[in-house]
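S.K.: Provided below for reference: sequence and predicted model.
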Amino acid sequence: QVQLVESGGGLMQPGSSLRLSCKLSGAPLGLFAMGWFRQAPGKEREFVASISWNGGATYFEDSVKGRFTISREHAWNMMYLQMNSLKPEDTAVYYCVADRTTIPQATTSPQYWGQGTQVTVSS
């Protein structure tokens with residue numbers, strides 16, 4: 001059974017950096033395209049970033065381009081979201097997602113979801 005577990009969330013100051021981690025268990029990471037979604041209070045869930053099966057292609061939501069990077073480490077079945085220059089509007093629950101057939105994007109519905117990790121950006 002495929003499971004995703006996020007970690008690394010926290011309370012951060014504007015302008016700071018944070019790295020979120022996602023551990024996939026139950027199958028090799030290489031079988032999945034991976035990504036991150038987020039949901040802020042009172043808002044719909046939105047796409048943040050994604051990465052192809054071999055890491056050769058990455059995609060980002062416009063508001064995080066140039067600030068966030070996404071990477072994957074197959075040896076450890078891990079995926080990461082490096083978030084720099086954090087802004088209060090980045091405050092949300094961040095969800096790790098995985099899909100066997102489709103790279104996660106704003107218009108897709110990934111097959112697997114983690115439980116989420118809270119990121120709060122506030123001074």
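M.R.: Looks like it arrived, so ask away.

S.K.: drop to CA atoms for contacts and neighbour counts, all remaining ones
M.R.: Fine.

S.K.: secondary structure class for the residue nearest the centre of the chain?
M.R.: In the chain, the centroid-proximal residue (C-alpha atoms, centre = their mean) is residue 36; its distance is 2.6 Å. At residue 36 the chain is in strand, as set by DSSP: H, G, I helix; E, B strand; the rest coil.

S.K.: let me see the contact set for it.
M.R.: Residue 36 makes contact with 47, 48, 49, 50, 81, 94, 95, 96, 97, according to C-alpha atoms under 8 Å, 6 or more residues apart in numbering.

S.K.: residue 50 pairs with what?
M.R.: Under DSSP bridges, the beta-bridge partners of residue 50 are residue 35, residue 59.

S.K.: go on, residue 99?
M.R.: Beta-bridge partners of residue 99, as defined by DSSP bridges: residue 33.

S.K.: state the distance from it to residue 61.
M.R.: Per C-alpha to C-alpha, to the nearest Å, residue 99 is found 18 Å from residue 61.
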